[in-house]
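Trainee: sequence-free structure coming up:
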Ligand SMILES: NC(=O)c1ccc[n+]([C@@H]2O[C@H](COP(=O)([O-])OP(=O)(O)OC[C@H]3O[C@@H](n4cnc5c(N)ncnc54)[C@H](OP(=O)(O)O)[C@@H]3O)[C@@H](O)[C@H]2O)c1
């Protein structure tokens, strides 16, 4: 890492994001320190990481946190593959990112990630185009206003927030392992603290509520992160989850109750760009090199709910998920080691 201490003369008003300067050698990080006043008090310190040569996938990157994550990583020089379900929305987001970062290297993969065949097709298309994957960010998510089944017969909120990260990560695992050190990131939520994993009713058949089903799915995605981190020990692939904060995005656009909540919570919400910070940090920071099986908030590890650490439930959930996928004709190839505690 190169540290560039700008000294007291550096103007404190200069707080906008920096592009990697031309004089930086490839794959180096630049730390900027800013001072204020005669006492040279440090007011800001941040690291600009060079991601040139890295290939990143960001799912759900046409909107909100995902779009900002894709933009930041592209600004750092990464090749960013944006997985979106709607081509027009995806192309519009790409254009926006290119306006911000004219040198951005972006690609688009179209897939509805609530449908297992589309997840598998997206993974196969990715592998046909790229030979490496440095960072996979499972960001796409959402909440259904009523119990809706996907074409596979899965409950939709469960499918997009839990099955999609589980299956996409598995489909790309061989590439992640051969590209190690590589990183998997799961965008979970603090809503997981309200969730429960009922192994006899993973898909809310015995009663659906938007918020409860979403909270359950986010808890499952967190437990998947912990279980996968253990299974990936020794492979050089790390996996971490995060809560992005309460973010003013398009989240919950299909649910009147959730949109109403976000309207009244407006004063407490952060921008999508701010909400993307932890995803970008986990994708790029040298500080988290080798760290795995953690839950992050505001770029720092944080304890998640007690329930999320239950090893027995993590393992049972994994097996139950394999059974659900097997029932729709999908065999999970075990490329990871057997679970150890
Ligand atoms: N906003 C918050 O306060 C908050 C808090 C905690 C966690 N989160 C999590 O943060 C992540 C990003 O959400 P956001 O706040 O940025 O909301 P957002 O603006 O609604 O973005 C969600 C993204 O996911 C995509 N997506 C949803 N269903 C999909 C599907 N079936 N296939 C492919 N893509 C799909 C959306 O695509 P379309 O545009 O096509 O719908 C969109 O690009 C989600 O996982 C969410 O659960 C958000």
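Mentor: Right, received. Where do you want to start? What you are looking at is a predicted structure, and each value in this text was computed from that prediction instead of being measured.
Trainee: What residues sit buried inside stretch 95-111?
Mentor: Within stretch 95-111, the residues that qualify as buried are 97, 101, 104, 106-109, 111, counting by 16 or more other Cβ atoms under 10 Å. Using the backbone N, CA and C atoms, a C-beta is placed for each residue, glycine as well.
Trainee: Between the two ends of stretch 135-152, what distance do you get?
Mentor: Stretch 135-152 has an end-to-end distance of 28 Å (Cα to Cα, to the nearest Å).
Trainee: and what of stretch 164-178?
Mentor: Stretch 164-178 has an end-to-end distance of 22 Å (criterion: Cα to Cα).
Trainee: Quick one: residues in contact with it.
Mentor: Outside stretch 164-178, the residues that touch it by Cβ atoms under 8 Å, 6 or more residues apart in numbering are 57, 59, 113-114, 116, 119-120, 122-124, 126-127, 130-133, 136, 138, 140, 182, 184, 186, 221, 224, 228, 235-237, 239, 321, 325, 330, 332-333, 335-336.
Trainee: Touching, residue 112 and residue 87? I think so.
Mentor: No. Because the distance of 11.6 Å does not satisfy Cβ atoms under 8 Å, residue 112 is recorded as not touching residue 87.
Trainee: between the two, which one's more packed in?
Mentor: residue 112 (18 against 11; other Cβ atoms under 10 Å).
Trainee: Please report the distance of that one from the ligand.
Mentor: For residue 112, the distance to the ligand (Cβ to the nearest ligand atom, to the nearest Å) stands at 5 Å.
Trainee: and if you look at residue 163?
Mentor: 10 Å.
Trainee: Same question for residue 292.
Mentor: Taken as Cβ to the nearest ligand atom, the spacing of residue 292 relative to the ligand amounts to 20 Å.
Trainee: residues touching that residue, list them.
Mentor: Under the criterion of Cβ under 8 Å, 6+ apart, the neighbours of residue 292 are 229, 232-233, 238-240.
Trainee: wait, doesn't residue 41 sit right on residue 35?
Mentor: Yes. The pair residue 41 and residue 35 passes the contact test of Cβ under 8 Å, sitting 6.4 Å apart.
Trainee: what about the residue in the stretch 101-250 of the chain positioned nearest to the ligand, neighbour count?
Mentor: With Cβ to the nearest ligand atom as the measure, the residue in the stretch 101-250 of the chain that lies nearest the ligand is residue 141; the distance is 2.2 Å. Here the count is done by other Cβ under 10 Å, and residue 141 has 26 residues near it.
Trainee: Skip the chain neighbours and tell me the closest residue to it.
Mentor: When the adjacent residues along the chain are set aside, residue 141 lies closest to residue 161, with 4.7 Å between them (Cβ to Cβ, 6 or more residues apart in numbering).
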